[in-house]
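just the structure for this:
(one chain, ligands or ions: 2)
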Amino acid sequence: MMDNEVDVFYRELPKVELHAHLNGSVSCPTIEKLISRKPHLNIGHGMTAIGKGQRRTLDECFQVFKVIHQLVDTEEDILMVATDVIKEFAADGVKYLELRSTPREEKHTGLTKKSYIETVIKAIQQCKSEGVDIDVRFLVAIDRRNGTEVAMETVKLAEDFMLSSDGLVLGLDLSGDPTVGHGKDLLPALQKAKNCGLKLSLHLSEVPSQLEESDMLLDLPPDRIGHGTFLHPTMGGSQGLVDKVVKHNIPLELCLTSNVKGQTVARYSDHHFKHWYQMGHPSVICTDDKGVFSTDLSQEYQLAASTFDLSREAVWKLSHDAIDCIFAPDTVKQQLKQKWIDLKPQVFK
Ligand SMILES: CNc1ncnc2c1ncn2[C@@H]1O[C@H](COP(=O)(O)O)[C@@H](O)[C@H]1O
Ligand SMILES: [Zn+2]
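Numbers count the residues shown, from 1 in each chain. Ligands and ions are numbered 1, 2, ... in the order given. Presented below is the predicted three-dimensional model:
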């Protein structure tokens, strides 16, 4: 995304990013560095990002992650990728970021799930010590493909890090190809996570015909929902599902370009943002995978504003209200709200 394509207002708008998968957020320059480290893999640039105007099936999107995972398979790679991604979000005006990533084990490079998480934490600490102006936290991701046992193991790891990372690890993400596996197999692990104080952000109803699974997972209830594209009756969901989300007041993480490029939403104007926003339900604009979908958070805010005709004041309120949906404690929310107050005159100059 070129700077000049996005109005300076959206760039300068202080923002909160709550739904960003680490390996989906890798930018072109970082991919180039990775490719030059691993020329033998013969990976071309076109294989890691979906450009302007392009679309893919969701299935093809998941092929892209496999290619990126081949490029990111050592501690050194993870450190570079995480550091670059954090600095890019900061440069885009993101003041608070919750990164999520699935810990992987790579026998050939000695990477373990534990060292994977440690390396992401190291990147966060390094950026902090360099004075990068962004508060970064981490959510450990469960890939639904891997089933019950791995989910349990991941919860244990996340719990250990929650207790030892000085507040950097806050919770769990449930993600992965929504057409693979079933939520009911992961319910005990998610329940356990919740009981030990980990916050839960779950990808829910990202594809149609998951009504039963969504209904079951909503009873946990999760602390936030990723996408929730097919919850609403007009999208093939049900009023019952909407009622549960409303009753528990569960914020939605909404990723416009991701859904349009992954073809679960036909056009921007059809995005379910409109239903939830009109209801006044907490709705947070996010990127999902800024690298893979060739976007950034400023651009997503601008797209939401132009598609749904939001005034600058309304956009400001949207980014401000996202603060209430973060997983970090109230003291952090207060600091961020103060930051928004301090920055407002400059953004509206
Ligand atoms: C497009 N919609 C999506 N739906 C579901 N899961 C997604 C996703 N986009 C990304 N991921 C999840 O994030 C992983 C890549 O980042 P990490 O290796 O974890 O950092 C993918 O493998 C998938 O599990
Ligand atoms: Zn996601």
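
would you mind naming the residues that bridge with the residue of the chain found nearest ligand 2?
Shortest the chain-to-ligand 2 distance, computed as C-beta to the ion: residue-wise this is Asp288, at 4.6 Å. For every residue, glycine as well, the C-beta is placed using N, CA and C. The residues paired with Asp288 through beta bridges, assigned by DSSP bridges, are Ala20.

that one: neighbour count?
Other residues within reach of Asp288 by the criterion other C-beta atoms under 10 Å amount to 28.

tell me the contacts of it?
Under the criterion of C-beta atoms under 8 Å, 6 or more residues apart in numbering, the contact list for Asp288 reads 19-21, 24, 255, 257-258.

in the residues you listed, find the pair that's most separated.
Based on C-beta to C-beta, the longest span within those runs between His21 and Thr257 and measures 13.8 Å.

the more surrounded of those two?
His21 (26 against 23).

so the more buried one touches Glu98, yeah?
No. Taking contacts as C-beta atoms under 8 Å, His21 lies outside contact range of Glu98: 11.0 Å.

and the stretch 201-349 of the chain, which residues reach ligand 2?
226, 288 (C-beta under 5 Å from the ion).

now do the strands in the stretch 201-349 of the chain.
Assigned strands in the stretch 201-349 of the chain, in chain order: 224-227, 252-254, 283-285 (criterion: DSSP state E, counting those that start in this stretch).

circling back to that earlier point, and the contacts of Asp288, which are buried?
The neighbour count (16 or more other C-beta atoms under 10 Å) marks 19-21, 24, 255, 257-258 as buried among the contacts of Asp288.

gap between Arg56 and Thr264?
Distance of Arg56 to Thr264, given as C-beta to C-beta, to the nearest Å: 11 Å.

so these two - more neighbours on which side?
When neighbours are counted by other C-beta under 10 Å, Thr264 comes out ahead of the other of Arg56 and Thr264, with 21 against 16.

you'd agree that one is up against Thr229?
Yes. In terms of C-beta under 8 Å, Thr264 counts as a neighbour of Thr229; the distance is 5.3 Å.

tell me the contacts of Glu98?
17-20, 136-139, 170, 201, 326-327.

let's go with 6 Å and repeat that
Applying C-beta atoms under 6 Å, 6 or more residues apart in numbering to Glu98 gives the contacts 18, 137, 139.
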